[in-house]
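[1] Give me coordinates for this.
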Amino acid sequence: MTVTRFAPSPTGYIHVGNLRTALMNFLIARKAGGTFILRIDDTDPERSKEAYVDAIKEDLEWLGLSWDRVERQSLRLERYEAAAQSLRDTGRLYEVFETPVELDLKRKKQLNMGKPPVYDRAGLALSEAEKDALRAERGGYWRFKLDQERIDWSDGIIGDVSIDAASVSDPVLIRADGQMLYTMASVVDDTEMGVTHVVRGADHVTNTATQIQIIQALGGTVPSFAHHSLLTGPQGEALSKRLGTLALRDLRAQGVEPMALLSLMARLGSSDPMELRQEMAELIEGFEIGHFGTAPTKFDVADLGPLTAKYLHGLPYAEVAEEIAALGVPADQAEAFWSVIHENIEVRKDIATWWSLITEGAEPVIDAEDADFVAEALALLPAGELTGESWGLWTAAVKDATGRKGRGLFMPLRKALTGMAHGPDMAALLPLLQVIKARA
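    Below you'll find the predicted structure:
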C-alpha cells in the first residue's frame with residue numbers, strides 16, 4: 001500500500017510553496033489507490049495555533065485535497081520519547097551542552113583552519129561527573145550519532161544521491177527543554193505510520209541523509225524520497241520572502257479557482273506541458289513524479305488569472321446552476337443567462353455582477369462626440385419585449401438613419417447599454433436586459 005503524508009506546522013497559513021509538496025504527495029497516493037495522511041506538526045506548543053490547524057484543513061478542502069486520516073504529533077510525544085530511549089540504549093543518541101555562542105566559535109575556528117564546520121563530538125568525551133556539572137549549569141540537549149559513511153539513495157526527481165555523513169554535523173533531535181524537533185518526530189511517524197513515499201523540497205536533501213540513518217537505527221523501512229525544486233519568482237528571484245503574500249486563502253479571496261491553481265502546480269517544473277484540467281481525476285491520471293526537474297522553478301501568480309478565466313469559461317451550466325439560482329435568476333432564464341455571460345467572466349463573483357447589470361441596468365458610458373448619435377439610436381430602440389432578432393433589426397435601422405457602420409456604430413451602443421467596451425454578443429444579451437438606463 002502506497003502511503004504519503006503532508007506534514008504542515010500550524011504556525012501560519014499554507015502558501016504556494018507548501019501546496020506544491022502537499023499536491024505531489026496527494027497525487028502519488030491517489031494514483032496508486034493508497035493513503036494520504038494529513039499530519040499536523042504541532043510539537044512546538046508556543047508557536048502552534050489551533051486557528052492555523054483549522055485554516056490548513058479549510059484550505060485543503062477548498063482545493064479538494066482530501067485526506068484519509070489526520071494525525072497530531074502533539075498526541076504522539078510518548079512514541080517519540082520511547083524511540084529516543086531506544087537510540088540512547090544503543091549509543092546513537094548522546095547529550096551535549098554547548099551554547100550557541102560556543103558552537104559559533106567552534107565553527108569559525110574550523111573554517112579558519114580550512115576544515116568543514118562539523119560538530120566535533122566533544123559531548124562524547126564527557127565523563128558522567130562533567131555531565132552532571134554541566135546539567136547543573138545549563139540544560140543539555142541530544143544529538144544523533146551518525147555513522148560516518150556515505151549515505152546513498154535513488155531520488156525520485158534528483159536521481160542517485162550520495163552524501164558523506166562525515167561532512168554533516170550530528171543532528172540535534174531533542175532540545176534542552178525536552179521538545180522533540182522535526183527530524184525526530186518525522187522519522188518516528190514515517191516509520192510507525194508506514195509511509196512509503198516522501199516528496200518535499202530540495203532544501204531537505206541533507207536532512208534526508210541523516211533521516212535515513214535514524215530510520216535504519218530504529219529498525220524502520222526507508223521510504224522512497226523525491227526532492228522537488230524550490231519556487232522562484234518570474235524573474236528567478238527568491239520567492240521565500242514573498243510567500244507570506246501568496247497564502248492560499250489570499251488567492252482564494254482574489255477569486256482564483258482551485259483547478260486553475262492545481263493544474264498549474266501539478267505541472268510546474270516538469271517536462272510535461274501545462275494543461276488546464278476541469279477535474280481532479282485528470283490531474284491524478286496524468287501525474288508523473290519522474291517528469292520533474294531539478295532546476296529552480298519559476299512561479300508567476302499572474303498566470304492564475306487567465307487560467308481561472310479559462311476554467312470558468314469551460315464550466316457547463318450544471319456546475320453553476322445552484323449559484324445562479326441563489327442570485328435569484330428565474331429558472332426559465334438561468335441557462336440562457338449562463339450561455340450569454342460565461343465567456344465574459346474572469347472570476348466567479350463576476351456572475352453576480354452580470355446579473356446586477358441585467359436586472360438593475362448599467363451606468364451608460366457615452367463619449368461626448370457620440371451623445372447625439374446615441375440619443376437618436378435609443379429613440380429607434382423598439383418598445384416592448386426584445387428578442388434575439390432585436391439587436392440586428394435595431395442596428396440596421398440606426399445605420400440607415402445615421403449612416404454609421406462598423407465599430408463607430410456598434411461600440412457607442414454597447415457602451416451606452418452596458419457601460420463597458422467589451423462583453424457578450426449583444427444580440428444575445430439585449431433580450432435579457434430588464435433595465436436600460438440610457439433610455440430612461
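[2] From now on I want contacts and neighbour counts done on CA atoms only, so please keep to that.
    Will do.
[3] And the helix or strand hosting residue 428, how far out from the chain middle?
    Element membership for residue 428 (DSSP states H and E) is helix 426-429. Relative to the centre of its chain, helix 426-429 is centred 39 Å away, using C-alpha atoms, centre = their mean, to the nearest Å.
[4] Check which helices and strands that helix is in contact with.
    Helices and strands touching helix 426-429, by 3 or more C-alpha pairs under 8 Å, 6 or more residues apart in numbering; DSSP states H and E, are helix 390-402.
[5] got the CA coordinates for the helix it packs on in CSV?
    Output of helix 390-402 as CSV, limited to C-alpha atoms (Å, rounded to 0.1, in the frame of the first residue of the first chain):
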residue,chain,number,x,y,z
SER,A,390,-33.9,42.8,-31.9
TRP,A,391,-30.2,43.8,-32.0
GLY,A,392,-29.9,43.1,-35.7
LEU,A,393,-33.1,44.9,-36.6
TRP,A,394,-32.3,47.9,-34.4
THR,A,395,-28.7,48.4,-35.5
ALA,A,396,-29.8,48.1,-39.2
ALA,A,397,-32.4,50.8,-38.6
VAL,A,398,-29.8,53.0,-36.8
LYS,A,399,-27.3,52.5,-39.7
ASP,A,400,-29.9,53.6,-42.2
ALA,A,401,-30.9,56.7,-40.1
THR,A,402,-27.4,57.9,-39.2
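[6] angle of the helix or strand that that helix is followed by against helix 390-402?
    Per DSSP H and E, the first helix or strand lying C-terminal to helix 390-402 is helix 407-418. On the basis of axes from the mean of the first three to the mean of the last three C-alpha atoms, to 10 degrees, helix 407-418 is oriented at 130 degrees to helix 390-402.
[7] mean confidence for helix 407-418?
    Averaged across helix 407-418, the pLDDT comes to 97.
[8] And it, what's buried?
    By neighbour count with 16 or more other C-alpha atoms under 10 Å, helix 407-418 contains the buried residues 409, 410, 411, 412, 413, 414, 415, 416, 417, 418.
[9] For the stretch 301-440 of the chain, just list every one of the helices.
    In the stretch 301-440 of the chain, the helices defined using DSSP state H, counting those that start in this stretch lie at 304-313, 317-326, 331-341, 350-360, 371-379, 390-402, 407-418, 426-429.
[10] how about the longest helix along the chain as PDB, C-alpha atoms only?
    Assignment by DSSP state H gives helix 16-31 as the longest helix of the chain. Extracted C-alpha coordinates of helix 16-31, given in PDB (Å, rounded to 0.1, in the frame of the first residue of the first chain):
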ATOM      1  CA  VAL A  16       2.000  28.000  -2.700                       C
ATOM      2  CA  GLY A  17       5.400  26.500  -1.600                       C
ATOM      3  CA  ASN A  18       3.600  24.300   0.900                       C
ATOM      4  CA  LEU A  19       0.900  23.400  -1.700                       C
ATOM      5  CA  ARG A  20       3.500  22.000  -4.200                       C
ATOM      6  CA  THR A  21       4.600  19.500  -1.600                       C
ATOM      7  CA  ALA A  22       1.000  18.700  -0.500                       C
ATOM      8  CA  LEU A  23      -0.200  18.200  -4.000                       C
ATOM      9  CA  MET A  24       2.600  15.900  -5.100                       C
ATOM     10  CA  ASN A  25       2.100  13.600  -2.100                       C
ATOM     11  CA  PHE A  26      -1.600  13.700  -2.600                       C
ATOM     12  CA  LEU A  27      -1.400  12.800  -6.300                       C
ATOM     13  CA  ILE A  28       1.000   9.900  -5.700                       C
ATOM     14  CA  ALA A  29      -1.300   8.400  -3.100                       C
ATOM     15  CA  ARG A  30      -4.400   8.800  -5.200                       C
ATOM     16  CA  LYS A  31      -2.900   7.500  -8.400                       C
END
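[11] Just the buried positions in whatever helix or strand comes next after that helix, please.
    Under the assignment DSSP H and E, the closest C-terminal helix or strand after helix 16-31 is strand 35-40. Neighbour counts over strand 35-40 (16+ other C-alpha under 10 Å) mark 35, 36, 37, 38, 39, 40 as buried.
[12] Same question for stretch 113-130.
    Judged by neighbour count using 16+ other C-alpha under 10 Å, the buried positions of stretch 113-130 are 116, 117, 118, 119, 123.
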